[in-house]
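Visitor: Need coordinates for the below:
(2 chains)
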Protein chains: 2
Amino acid sequence: MPASTIKTSEVDVLIIGAGPAGLMACNALVKAGVDVRIVDKRPNKIIAGQADGIQPRTLEVLQTYGLVDRLLKELNQLHVAAFYNPNPETGEIELTDRAPDVSDTSTPYPFEATLHQGAIEDIFIDSIRSSGLDVSRPFVPVSIQISDFDKSSTDPDMYPVRVVLKRVDPLEGQIDTEIVYAKYVIGADGAHSWVRKTFGIEMEGEQTDYVWGVVDMVPDTDFPDIRNKCVIHSNHGSCMIIPREGDKVRLYIQLGCNEAVDTTGRVDKEQMGPEKLLDVARKSLAPYVIRKPKAIDWWTIYRIGQRVAARFSIDERVFIAGDACHTHSPKAGQGMNASMNDTHNLSWKLVQVLRGWADPSLLQTYESERRKYAQDLIDFDKQFAAMFSGKVKTAESEDGISAQEFMKIIRTSGGFTSGVGICYQESAIVNACHQSHAKNLTIGKRLPSQIVVRAADFHPIELQHLLPSDARFKVFVFAGDIYEPSQKARLAKTAEELGAEDGFLKRYSPGGNILAAFDILTVTSEKDIVRVADLPELFQTHWTKVFVDHKEVNGSRGGNAYANFGIKGTGAVVIIRPDGYVGTIAPFEHVADLNAYFAQFMKQS
Amino acid sequence: MPASTIKTSEVDVLIIGAGPAGLMACNALVKAGVDVRIVDKRPNKIIAGQADGIQPRTLEVLQTYGLVDRLLKELNQLHVAAFYNPNPETGEIELTDRAPDVSDTSTPYPFEATLHQGAIEDIFIDSIRSSGLDVSRPFVPVSIQISDFDKSSTDPDMYPVRVVLKRVDPLEGQIDTEIVYAKYVIGADGAHSWVRKTFGIEMEGEQTDYVWGVVDMVPDTDFPDIRNKCVIHSNHGSCMIIPREGDKVRLYIQLGCNEAVDTTGRVDKEQMGPEKLLDVARKSLAPYVIRKPKAIDWWTIYRIGQRVAARFSIDERVFIAGDACHTHSPKAGQGMNASMNDTHNLSWKLVQVLRGWADPSLLQTYESERRKYAQDLIDFDKQFAAMFSGKVKTAESEDGISAQEFMKIIRTSGGFTSGVGICYQESAIVNACHQSHAKNLTIGKRLPSQIVVRAADFHPIELQHLLPSDARFKVFVFAGDIYEPSQKARLAKTAEELGAEDGFLKRYSPGGNILAAFDILTVTSEKDIVRVADLPELFQTHWTKVFVDHKEVNGSRGGNAYANFGIKGTGAVVIIRPDGYVGTIAPFEHVADLNAYFAQFMKQS
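Guide: Prediction:
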């Protein structure tokens, strides 16, 4: 056997696990110029199965990284959900209702999407490769320690986390050992997270009795809604249909509590193959027929666990993200979305701290924001999973919920399932004290979709597209009517205060270059002509940065931003966090409150 | 001096000239699997200046080749045209009107666009490279001959055009001579076309007295509409502003008839540099100021010529396209568009003939369609150029046209300038005898923009996006209400006739594979639920090929296709040519007329 070698290296951020959570972090960090490394224990990326649901908010987020165009080409869109229930007389299922699959239309992507996890990972991998980075694999972490001495050091050049990695050469069997010293580590290593276990972090919550099977295939069937999302309650169990890219379809099939389970209560895949799963589905789907498919793309059996990690962070030096910190039922299509949004939330905070712009305490908001979200997700999922797995109320049986109750829950949970309704609680970076000045622009939620036109050239613009994930805070100045003399005077005064030496813009800008750390975007109220040059200089940093609340020239989209957001003619300043969430709002006279907001977590440079 | 070498080769299509016309042809042909070669005399591609206007129809066409996404990222959009005229009292210019720059909204791209020619060429070059082809340069053609014996041969394996090319190695000075035998040659070699001159084809028309200068730069100005298209008539001459990609702007500046012209009447660039041109512009633009730009990107001076080649084809073996067959003023932004649309028109015809699907006589429609269009373009351009270059009617002078007349001409010419209104005359491939069955779907025009939803999954779809430039005719079956018994019966009968052995679908399909040469797309009238399986088999070749005239689920786009197209509930079959133009229409009872239409130019396989 060849002798083993030991390498030592330093890196700002080490990411363990190259699934959606890890790759999202890696891409965000590498594009921000952070020294990052990502390792994975799998020798190759996955090519089928696993997660597949992509929610509107996730598409919005991927747009901010420039990744949505390719995704939109590859994915399948779900526009309608169809509901099937037993006919009271025949007992066979029939279509009882249909609804838009996404009920919240405040997004440029008002549909659910599906694409297998491997294809999504490919988009990230190609993106990080274009920045000269790749996933290091197969690497298995074998030890991780945080230096007690270094971890709370304020010296930005400390590498307090020591990770030992082993790489098994798949051809020669040689084992390389490597010691990596990192400033920060992200454990995005899945439901059985080694990082989580190593630090002894408990998963809180429990297993349910619900056992489900999953089959991916190109179906041969006469079921008429096979290309729509279907929720099927039958007298023989529940079933869910999720159409996917190409001609593929995923079937979720409810099993009995004791089916495919061994004596210890663990799922035993040996007991049931895909053909047996299809037989169960066939009973539910009668009178419709599923013929034997040419091939099964992927299949699995799982028991739903609903658990959240007790902590998401160890000393704000090691973070866990994705499946490592929350497991739940896949049927609300949330898993991959929650995972990617975990690290979308974390990445800009790491960037700001690593650049020396923000205080390390900013990193505490990762756990407070994302753990709260994960708990909400589990609570929602309990209701949702019970609803799916539970019995249907029929003429004979009062057990279970009615189709009407089911629909109502589906509709009211739309903001949550689509991801666009997620609201982060008050914290150092979420301050709602002036909420009334933009009452429909909820502080803590992401900026909703809104089209305005550019003042200089009437180009219609989606406001969300002005929020790239570039680690900068965006300062939206809703200027009101700039040709109304008193408003113009107020605006000039606000510009003066915002541009002052002790204002947050200059105070927290590296080298006094405001646009390095902030972007300033101005939206005036509706006017046929607004001249960029008529704004204070601070509010016209470039001709592409000034907008009018006006509908598009040729078409009917856009306009009404002030009304939609609940902003009055007196205007307001809206601070959007680098991840697209509204951080705070202030009326023109309260620039001091904006200064105080940033003083909570930013460092004077 | 090294000895020269002579190579001999054969190719189906040789393209001389790698500008927009040549590259459009090359891309279309290589994607269709045609053996094609493209040569250019320039050692490198151009990097600045030249043509820059891209019209909505051109964007639609580039979409059909999968090239529009990148283009949309790089180009600048013009949404508004602003009109400036002299103030009657001060004589200084002022804003007198504004209008949407594109008045026809039947397109998914209701704006004019600008991007320099080199960037557009790059998009084509990258596309053909992805098919393993590249531009051969620098190659100069020195002789071209068509074999009298071979040219009218019906043997598809004849190469009757002999072209001698010379390549000068830019480093070693070595001259390579090459003889290429081609089935067809496209001369896309510009306004001074060697191909055109070699075959002695006259340019018909004349030079005008109008002399204009062009300057591309990043302007430093207080002119408020600098990011809009501006038409400026001043007491000191006319001027046009065309904003471009990035911060660049193009200025068209009218010169006196004798300015920058030598004694023979030819433009003499020596007499006037870009700074002098800007001085002329400054007089027109007063009271606004143009400061000295940091750099001039590109500039030129030209005299408008309005001429069309007497022929576009020699024996349907050699074709000329683009600037080689029409020259006109650049200010209507048509040049590059006309050029690309020439070869978009020609390419599918060559593909069909080379594949043995269509009779070579189909190639005659290239000249008949595109020469007629070029003549219309010149006629329009005469009016347009005169309008721009002419004087403005003022209180003091009754000469020239009024601002109102000018606006009226601009508005009525919208269909023509945007390209979406172009209508090919009746021919073997344009048969309007059943126009009344879809009275707003003009036979000879391109299919207008229309959103419908897919029956199987309610996915909203732009009908234009169902028309890739894949050399196949598209058969749109407007099926009406398929659940109305009499309509259902009529539909079944139509399917039977269309699918018959002597129907055009089977008759003109290679090896009986209908979908190789045709695509069949079905649109039913509005219904909440349409089941794909309820259609005749011929009209449901795949679940993605059946649509409902319904608006999108989440939003307000789409629907009303039958009303918009003027199609009654009794339905109609609409034949779309491979280039997106409506070829013919027939009611269900007249399938025989469709068979007759295709018999005009297709060959039984």
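
Visitor: Now the stretch 251-400 of chain A against chain B: closest residue?
Guide: Taking C-beta to the nearest C-beta, chain B has its nearest neighbour within the stretch 251-400 of chain A at residue A:288, 11.2 Å off. Where C-beta positions appear, they are placed from N, C-alpha and C, glycine not excepted.

Visitor: Which residues are in contact with residue A:422?
Guide: A:57, A:341, A:373, A:415, A:416, A:445, A:446 (C-beta atoms under 8 Å, 6 or more residues apart in numbering or on different chains).

Visitor: Mind listing residues that contact stretch A:301-309?
Guide: Contacts with stretch A:301-309, where a contact means C-beta under 8 Å, 6+ apart, come from A:196, A:201-214, A:255, A:260-261, A:265-267, A:269, A:272, A:277, A:320, A:324-330, A:371, A:374-375, A:378, A:381-382, A:385, A:389.

Visitor: Narrow these to those in strands?
Guide: A:203-214, A:255, A:320, A:326-327 (DSSP state E).

Visitor: Give me the ChimeraX select line for the residues you listed, limited to the buried ones.
Guide: In ChimeraX, this line selects whichever of the ones in strands among the contacts of stretch A:301-309 come out buried by 16 or more other C-beta atoms under 10 Å in any protein chain shown:
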select /A:203,205,208,210,211,212,213,214,255,320,326,327
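
Visitor: Quick check: pLDDT value at residue A:269.
Guide: We have a pLDDT of 79 for residue A:269.

Visitor: The residue lying closest to it once chain neighbours are set aside: neighbouring residues, count only.
Guide: Nearest non-adjacent residue to residue A:269, counting by C-beta to C-beta, 6 or more residues apart in numbering or on different chains: residue A:301, 5.4 Å away. Using other C-beta atoms under 10 Å in any protein chain shown, residue A:301 is surrounded by 24 other residues.

Visitor: and the helix or strand containing residue A:301, which strands flank it?
Guide: Assigned by DSSP states H and E, residue A:301 belongs to strand A:296-309. According to DSSP bridges, strand A:296-309 forms sheet pairs with strand A:203-217 (antiparallel), strand A:326-327 (antiparallel).

Visitor: Following element in sequence after that strand, please.
Guide: Where DSSP H and E defines the elements, the next helix or strand beyond strand A:296-309 is strand A:313-314.

Visitor: re the thing from before, any idea which of the ones in strands among the contacts of stretch A:301-309 is closest to chain B?
Guide: Closest approach between the ones in strands among the contacts of stretch A:301-309 and chain B, by C-beta to the nearest C-beta: residue A:214, at 20.5 Å.

Visitor: Spell out which parts of chain A neighbour chain B.
Guide: Within chain A, the positions adjacent to chain B are A:69, A:77-80, A:98, A:100-102, A:105, A:110-111, A:222, A:224, A:226-228, A:243, A:247, A:453-454, A:456-460, A:529, A:531, A:533, A:543, A:552-556 by C-beta under 8 Å from any C-beta of the partner chain.

Visitor: switch to 6 Å and redo it
Guide: Within chain A, the positions near chain B by C-beta under 6 Å from any C-beta of the partner chain are A:77, A:79-80, A:100, A:105, A:110, A:224, A:227-228, A:456-459, A:531, A:543, A:553-554.
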